[in-house]
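> sharing a model that was predicted from the sequence below.
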Amino acid sequence: MIRKALLAAAVVGAVVLVVILLAGGGESGGYRVRAVFENGSFMVSGEQVRIAGANVGTIESVGVSMPDETVAYDKNGNPVAKPGKAIIVMNITDPGFQDFREDATCLIRPQSLIGEKFVDCRPTLPRAPGQKPPPPLKQIPSGQPGAGEYLLPLGSNSTSVDPDLINDIQTLPYAQRFRLILNELGGGLAGRGEDINVLVKRANPVLRDVDRVFGILSAQRNQLAQLASDSEAILRPLSRERSHFAGFITNAGAAAEASSEKGPELEEALQKFPTFLREFRKTMVSLKSFSDAGTPLFEDFNTAAPSLTNATRTLTPFSEALTVAIKSLGNAGEAAGPIFAEADPVVKKARDLAKSGVVPTAELARLFVNLKQTKGWDGLTELIYNTTASLNGFDQFGHFGRTRVTLTNCLEYEATPVGASGCNANFNGPNANQSANTSAADLFRLLQQGLEERNGGTAAEPGPAIGVGQGSSAGGKRKGEAGISEASKTGAGTEPLLNYLLGP
């Protein structure tokens, strides 16, 4: 039950607060400040309310406080009621200044010599960036005079003394009266120092502001002491670089003047600045990771910097010459472009030819590798050399051939006897030396028999030797077989000969 009662009271309080807010600002859409002054003489409705010299509203009404009306607050924040104080209700119509804070002040100033006056206000005191602002003015609750308006208490307001009143002191009988007042009040004021202090603060806003300044300085005395101790360290470099500092101030003034001419552009840029800062912060985080990862590389670059500098200086003439070469190459490329375009079909055919020649080229490469491994080329050249030396001789009369081949009409190998076909193409003919015929036939038989032995076969009757026109009998024996040496018949000595020709 208690919880429900508290909940109901909270709902009722919220409704009352909404009603108060609507009642305070819903009459004409303004922001009403109820300011309390010691003296509101010559103030009338319709006079101007200014902030920093700009008109922000008007005086809606001028009156006197009632005996039970709140005009100030004590140190504990309790309301204080004093009758007979001037009540000026100001209607602030400018939306930019509808936010008076607890440190706001208002001063009644003369507007002209004929007695017109206006109210000069300051919604809040200047503060450092990031400092929390004071609370807003308290709104007068319902049931009290000025309900819904914002109360600016008596201690925050003051009234300036008109120049004509000051001048009136010098005239009679005001001078004598003023002298009597000072004489009579001297004794009465001797024991009321605190009241005089309060009176002086209210009479002169400068003293009140000075008191506030001293209060702020007293609260920040530790920071001021630190500032005093650090000022020497700060001012010493500035004193040493005073010429540069003066130049900075001068250039800063020129930069500020140029910036003022670009006010709208700067305002638009500042509106985009928060977004830029967010993106810049992300970029700087990524850049930090990159810099951490690249620190070893940059250290190596630092070591190699002198060499890179020398290389750059050395490459400067080369780059200049290379520029000319690249320009010439570009001109040549422009001239050769149509030629390369016309040669495209030939290039395609060459490409197809290269593809088709892959297998033969690979086999040829394998053949060359095999010949190199088995030293086949060496054997072939030695065979040509030794064969030439064995078929030719040299004596005291000069060169002579050991064999003689006679060209005849024999175009094919003849297997019939000589008499039957009439072919006569043996080495040196049928009447030549028997040893020459025997040597040619013996050489062929040795080769044939050696090949069969390397292949694992037996020595069989060799076939006819290509290029030897002399035929043999039907039994397969050639003429001159009886002249074959014993080593040729048994096959002895053929393996060294094959190893010499084909490799081991």
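Arrived safely. Everything quoted here is computed from the prediction, not taken from an experiment.

> which SSE is immediately downstream of the longest helix along the chain?
If each helix of the chain is counted by residues according to DSSP state H, the longest one is helix 263-342. Scanning forward in sequence from helix 263-342 by DSSP states H and E, the next helix or strand is helix 344-356.

> and the longest helix of the chain with helix 344-356, angle?
Per axes from the mean of the first three to the mean of the last three C-alpha atoms, to 10 degrees, the angle that helix 263-342 makes with helix 344-356 is 70 degrees.

> from the middle of its chain, how far away would helix 263-342 be?
Mean C-alpha position of helix 263-342 versus that of the full chain (C-alpha atoms, centre = their mean, to the nearest Å) differs by 13 Å.

> same question for that helix, mean pLDDT?
Mean per-residue pLDDT for helix 263-342: 85.

> cool, stretch 356-368 as well?
85.

> again with stretch 65-79
Across stretch 65-79, pLDDT averages out at 85.

> span of that stretch from start to end?
Start-to-end span of stretch 65-79 (C-alpha to C-alpha, to the nearest Å) is 14 Å.

> buried sites along it?
For stretch 65-79, burial by neighbour count (16 or more other C-beta atoms under 10 Å) applies to 65, 69, 70, 71, 72, 73, 79. Every residue, glycine included, has its C-beta placed from N, CA and C.

> got the contact list for the nearest residue to residue 37 once chain neighbours are set aside?
Distances taken as C-beta to C-beta, 6 or more residues apart in numbering put residue 86 closest to residue 37, at 4.2 Å, once the chain neighbours are dropped. Residue 86 makes contact with 36, 37, 38, 39, 40, 43, 62, 63, 64, 65 under the criterion C-beta atoms under 8 Å, 6 or more residues apart in numbering.

> go again with 10 Å.
Shown in contact with residue 86 (C-beta atoms under 10 Å, 6 or more residues apart in numbering): 35-41, 43, 62-65, 71, 108, 154, 157, 159.

> among these, which ones are buried?
When the contacts of residue 86 are checked for burial by 16+ other C-beta under 10 Å, the buried set is 35-38, 40, 43, 62, 65, 71, 108, 154, 157, 159.

> those in strands, which ones?
35, 36, 37, 62, 71, 108, 157, 159 (DSSP state E).

> wait, the fifth one touches residue 140, no?
No - the criterion here is C-beta atoms under 10 Å, and residue 71 misses it with residue 140 at 11.3 Å.

> list residues touching both of those two?
34, 79, 151.

> so the last one lies in a strand, does it not?
Yes - for residue 151, which was evaluated using DSSP: H, G, I helix; E, B strand; the rest coil, the result is membership in a strand.

> in contact with it, which residues?
Listed by C-beta under 10 Å, 6+ apart, the contact set of residue 151 reads 33-36, 69-73, 79, 87, 100, 137-140, 144.

> again, 7 Å this time
Contact analysis of residue 151 by C-beta atoms under 7 Å, 6 or more residues apart in numbering lists 34, 70, 137, 138, 140.

> I'd like the distance between it and residue 36.
Distance, residue 151 to residue 36, by C-beta to C-beta, to the nearest Å: 8 Å.

> one step back: format the ones in strands among the buried ones among the contacts of residue 86 as CSV; extra columns: distance to residue 286.
Output for those, formatted as CSV (distance: C-beta to C-beta, whole Å):
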residue, distance to residue 286
35, 55
36, 59
37, 61
62, 64
71, 61
108, 60
157, 56
159, 62
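
> now for these: which two are most distant?
Across those, no pair lies farther apart than 71 and 108, at 15.8 Å, counting by C-beta to C-beta.

> tell me how far residue 68 lies from residue 240.
Residue 68 is 67 Å from residue 240, where distance means C-beta to C-beta.

> which among the contacts of residue 151 end up buried?
34, 70, 137, 140.

> of the ones in strands among the buried ones among the contacts of residue 86, which is the nearest to residue 358?
Of all these, residue 358 sits closest to residue 35, with 103.9 Å by C-beta to C-beta.

> could you find the closest non-adjacent residue to that closest one?
residue 152 (4.2 Å).

> tell me how many other residues surround that neighbour.
23 (other C-beta atoms under 10 Å).

> can you pull the contacts of residue 65?
36, 71, 82, 83, 84, 85, 87.

> about what we covered before: can you lay out the shared contacts of residue 71 and residue 140 as JSON lines showing distance to residue 231?
What follows is the shared contacts of residue 71 and residue 140, written out as JSON lines (distance: C-beta to C-beta, whole Å):
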{"residue": "34", "distance to residue 231": "45"}
{"residue": "79", "distance to residue 231": "45"}
{"residue": "151", "distance to residue 231": "43"}
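
> between the residues you listed, which is nearest residue 125?
Set against residue 125, the nearest of the shared contacts of residue 71 and residue 140 by C-beta to C-beta is residue 151 (18.3 Å).

> now do the closest one against residue 340, distance only.
Separation of residue 151 from residue 340 (C-beta to C-beta) stands at 93 Å.

> show me what the nearest residue to residue 205 once chain neighbours are set aside is bridged to.
Among residues not flanking residue 205 along the chain, residue 158 sits closest, at 4.4 Å (C-beta to C-beta, 6+ apart). Note on residue 158: beta-bridge partners by DSSP bridges are residue 107.

> neighbours of residue 158, how many?
Look at residue 158: counted by other C-beta under 10 Å, it has 21 neighbours.

> check it and give its pLDDT.
Residue 158 carries a pLDDT value of 87.

> can you start the count at 113 instead of 1 from here on
Right, with 113 as the first residue, what we last looked at is residue 270.

> so who does it touch?
Residue 270 neighbours (C-beta under 7 Å, 6+ apart): 219, 314, 317.

> please apply the same query to residue 306.
With C-beta under 7 Å, 6+ apart as the criterion, no residue contacts residue 306.

> what helix or strand is it on?
Using DSSP H and E, residue 306 sits in helix 305-315.

> quick one: that helix to chain centroid distance?
Here the centre of helix 305-315 is set off from its chain's centre by 65 Å, with C-alpha atoms, centre = their mean.
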